[in-house]
Structures are given as structure tokens and as C-alpha cells.
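Novice: Please find the sequence and the predicted model below.
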Amino acid sequence: MRLAHTICIGVLLPVLAFAGDASQKLDEARRAFYEAASKQETAYRKALGEAILKATRCEVFLLDFDIPHDKKKDTFFDYPSDDDHFPIRPYSAETKILKRRVLTADEFQRLKPSLVETVSVAENSGGALCHMPIHGLRVFDGDEMIFETSICYGCANFYVAYPLGGAGWVGLSAKDFDTVMEALMPIPESERKRFEEAHKPKKAPKK
């Protein structure tokens, strides 16, 4: 009986060791994959910032921060159903456009430094803790749109859509970006109050 037990252990030990090696191998591959993907996203954001510097036109938007998550699109590629809606691509959703305007050449030049700094950030500190966008923007080179995003100041993030599909959250980094954006597209006091009312902490029920 002891011999049979010894034989079983002798057979199982290499199998268990192999299983451990396999898991370790896969973990290493995952880490290498995510590190490479992160480097590619960083390189893309840098190139995107350089492209924005040469862009010719920018349109800014005041957005409804309440995103109807129950009406998601099939994929994040699906464009808004009409000109009254703006895509929130990481959510495969859209929200209402409350106001829009095309910046003058001088206004776009004023926005470019902080926008490029924000988009080109090397270290992505953005998370998906929330996204309640109040501003949106689209950047064009001639008639071609080269960048589009929605912006949430509550959790300080925006999204970047990457070439192979998918869109990721990126943290706002330029200190004066929100100040410049609000000067170009002011947020009405009514929207500020509506936001505060919608997202203020709920009181605990009385016992």
C-alpha cells in the first residue's frame, strides 16, 4: 500500500509542478501583453497630441451629464442616431447635446496647449469611477474628424478611442484645461445645481 502511495505521489508531483509552471507562464504573458498595450496607447496619445497641434477646427459641446445607460448601442463604434446626441464610446452609449459651437481660430489656438498636454499624457491616471460628462469636443483637420471625446470634471477623466477598437478612460492632467473649456463653453448655473442635486450624498433613513 505504501509503495502504491509513493508511486502516486511520484506521478502527481511533476503534473502539479507543470500546472504551476503553466500558470506562471500565462501570468508572465499577460503582464507582457498589458505592458506592451500600455506603451502602444501612450505612443498613440502622443501622436494624437501632435496631430491636434496641426488641426484646423474644433467644435465644443455642452452635454447632458445624465447618460441613459439603458439605451446602449450594440458597439462603441455605432454613431449617435442624430445630431442631437453625443457618443460616450466606452459605455457604448450616447447623451443629449444641450449646446454646441465652433471655436474661432483664435479660440482654438487658446485651447490647443492645454488640450494637447491633456491628450498626450504619458502616465494614464484615468479610471472609470464615474463619467458624468458636461463638456464634449471634436477636433477636425479639414473635413476629417481626428479626435472626439466627452469630459467629466467630477472624476477628472475623458476617453480616447484607439485604432484597434475599444476606448479607454484617461485622467485630466493640464491644470488650466477645465478653466479654458468653461470660458469657451460656460456651464449654466442651472446645470450646476441640477448636477449637485442629482449627485449629492443621500441622507440615511431615520430609524
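Specialist: Done, it's in. Numbers count the residues shown, from 1 in each chain.
Novice: Just the pLDDT for residue 189.
Specialist: The model reports residue 189 with a pLDDT of 95.
Novice: Can you tell me how far it is from residue 182?
Specialist: To residue 182, residue 189 is 12 Å away according to CB to CB, to the nearest Å. Glycine gets a C-beta too; all of them are placed from N, C-alpha and C.
Novice: so who does residue 117 touch?
Specialist: Contact analysis of residue 117 by CB atoms under 8 Å, 6 or more residues apart in numbering lists 49, 173, 174, 177.
Novice: Tell me where the model's unsure across the protein.
Specialist: Within the chain, the segments meeting pLDDT under 70 span 1-20, 70-81, 125-129, 199-207.
Novice: Break down it into its strands, ranges please.
Specialist: Taking DSSP state E as the test, the strands found in the chain are 57-63, 85-88, 93-102, 135-141, 144-152, 157-161, 167-171.
Novice: The third one - which strands sit beside it in the sheet, and in what orientation?
Specialist: Okay, so that is strand 93-102. strand 57-63 (antiparallel), strand 85-88 (antiparallel) (DSSP bridges).
Novice: which parts of it are buried?
Specialist: 93, 94, 95, 96, 97, 98, 100 (16 or more other CB atoms under 10 Å).
Novice: Show me the contacts of residue 117 that map onto helices.
Specialist: Using DSSP state H, the members of those that fall in helices are 49, 177.
Novice: Tabulate the contacts of residue 117 (a markdown table), appending distance to residue 89.
Specialist: Conversion of the contacts of residue 117 to a markdown table gives the following (distance: CB to CB, whole Å):
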| residue | distance to residue 89 |
| --- | --- |
| 49 | 19 |
| 173 | 20 |
| 174 | 22 |
| 177 | 20 |
